[in-house]
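1. Here's my sequence, what's the structure:
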Amino acid sequence: MPLTKITRGALTADIIDSTKLADNAVDTEHLANDAVEAAELASDAVVNLSVASDAAIATSKISGLAASATTDTTNADNIGSGTLAAARVATLNQNTTGSAATVTTNANLTGEVTSSGNTATVADNIIDEANLKVSNAPTDGHMLTAQSGDTGGLTWAAAGGGNKTVMLPPLVGYNCAANTISDGGVCVRMLGDQYSAVGTVWGVPSDFSAFVSLKIFVLSHSAGNVYLNIRTVAVAAGEQPWDGNTDEDAIAFGVSGTIAVLYSQTHFLDVSTAMDGLTFEADHWVGIHVRRDATHNDDTQDDNLDVMGFEVIYS
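-> Residues are numbered from 1 along each chain as shown. Predicted coordinates:
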């Protein structure tokens, strides 16, 4: 039977269905605009690869976005007014209530530090010792010094000015020639043929901080060795000196108790160790007792020894 050519006009409407079309027979150029509707798409049929990168998808086509929302959150200008749900914001570690226009103002402070609004002010002439962080308690006459190793870096300390020197005159003990004129001036003379003693007294001053040294000035009438014993005592009111129950210390001068002296020369005898163990406080006085035993075998000077005075140095 011969075939007859079929023209488009000879086809009845809806006569060709999907069963009459070969796979991939219809491409996109044969589809009319809006020919494929949402109902014609299977679930999950459109994926990222099916959407052009420059496709302009209206926000109204995206479920869950407010009308004022934007898909570009990298630009602060695209974030308009409105409210973000708490679930969209990471947990913050501070109170976020209020706004830039409603900053809380602290109540005004009174006392040594005052404030107005959020500005604090320390009043003039208001900081006193109680406000300072100092490592020790204050003492009258002391000054504040920097001490990096102490609490707060500050310490009350005695005022500076260097060591202080006190010259003390000799006082007659026994078997001495008192107020004798010698080549060195007025002195107390310890005789060269018997046992004798001389001494002095020093009142510990209120500015005392530390003991430095004790010296005795003597002038010898002959060369040789003199045998001396130095004894000291520190007592306060109501105490009895030399009773063994107060602060007292005694030394024999030098290892053997002797010192070599030269004829007609002044000697400064450093006897500072005689003060070891004493308590020095402002209410104490210190007695200094020098004894010479000219009859001792080690005393070979065999002549007079003039005591000119005593020197105490303290800080």
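2. Would you confirm that residue 127 contacts residue 112?
-> Yes: with contact defined as CB atoms under 8 Å, residue 127 reaches residue 112; the gap is 7.2 Å. Every residue, glycine included, has its C-beta placed from N, CA and C.
3. Now do the contacts for residue 132.
-> Residue 132 makes contact with 144, 152, 154 under the criterion CB atoms under 8 Å, 6 or more residues apart in numbering.
4. hmm, try it at 10 Å
-> Residues in contact with residue 132 (CB atoms under 10 Å, 6 or more residues apart in numbering) are 138, 144, 152, 154, 156.
5. Just those residues: which are in helices?
-> Assignment to helices by DSSP state H places none of the contacts of residue 132 there.
6. List just the nearest of those residues to residue 297.
-> Relative to residue 297, the closest of the contacts of residue 132 is residue 156; by CB to CB it sits at 54.1 Å.
7. In the stretch 101-250 of the chain, where is pLDDT below threshold?
-> For the stretch 101-250 of the chain, the stretches with pLDDT under 70 are 101-105, 159-161, 179-185, 240-250.
8. all strands for the stretch 51-200 of the chain, in order.
-> 113-116, 119-122, 142-146, 154-158, 164-168, 171-174, 176-182, 185-190, 195-203 (DSSP state E, counting those that start in this stretch).
9. and if you look at the stretch 201-315 of the chain?
-> Counting by DSSP E, counting those that start in this stretch, one finds strands in the stretch 201-315 of the chain at the ranges 211-220, 224-236, 247-252, 258-261, 266-270, 284-293, 305-314.
10. Nearest to residue 167, out of those strands?
-> Each of the strands of the stretch 201-315 of the chain has some distance to residue 167 by CB to CB; the shortest is strand 305-314, at 5.8 Å.
11. got the angle for that closest one vs strand 284-293?
-> Here strand 305-314 runs at an angle of 150 degrees relative to strand 284-293 (axes from the mean of the first three to the mean of the last three CA atoms, to 10 degrees).
12. buried residues in strand 305-314?
-> Neighbour counts over strand 305-314 (16 or more other CB atoms under 10 Å) mark 305, 306, 307, 308, 309, 310, 312, 314 as buried.
13. can I get the CA coordinates of stretch 142-161 in CSV?
-> What follows is stretch 142-161, C-alpha atoms only, in CSV (Å, rounded to 0.1, in the frame of the first residue of the first chain):
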residue,chain,number,x,y,z
HIS,A,142,59.7,58.1,108.3
MET,A,143,59.2,58.7,104.6
LEU,A,144,57.7,56.7,101.8
THR,A,145,60.4,54.9,99.7
ALA,A,146,60.2,52.7,96.5
GLN,A,147,60.9,49.0,97.1
SER,A,148,60.1,46.9,94.1
GLY,A,149,60.2,43.6,96.1
ASP,A,150,57.7,44.8,98.8
THR,A,151,53.9,44.7,98.7
GLY,A,152,52.6,47.6,96.6
GLY,A,153,56.2,48.6,95.8
LEU,A,154,56.3,51.1,98.7
THR,A,155,57.8,51.0,102.2
TRP,A,156,58.0,53.4,105.1
ALA,A,157,61.7,54.0,106.0
ALA,A,158,63.7,56.3,108.1
ALA,A,159,64.7,59.6,106.5
GLY,A,160,68.0,59.5,104.7
GLY,A,161,70.9,61.8,105.1
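14. For it, which outside residues touch it?
-> For stretch 142-161, the surrounding residues in contact (CB under 10 Å, 6+ apart) are 129, 132-139, 141, 207-210, 315.
15. Quick check: buried residues in stretch 139-149?
-> Judged by neighbour count (16+ other CB under 10 Å), stretch 139-149 contains these buried residues: 142, 147.
16. Span of it from start to end?
-> Counting by CA to CA, to the nearest Å, you get 20 Å between the two ends of stretch 139-149.
17. What of stretch 213-229?
-> 17 Å.
18. again, but for stretch 220-227
-> Note: stretch 220-227 ends 13 Å apart using CA to CA.
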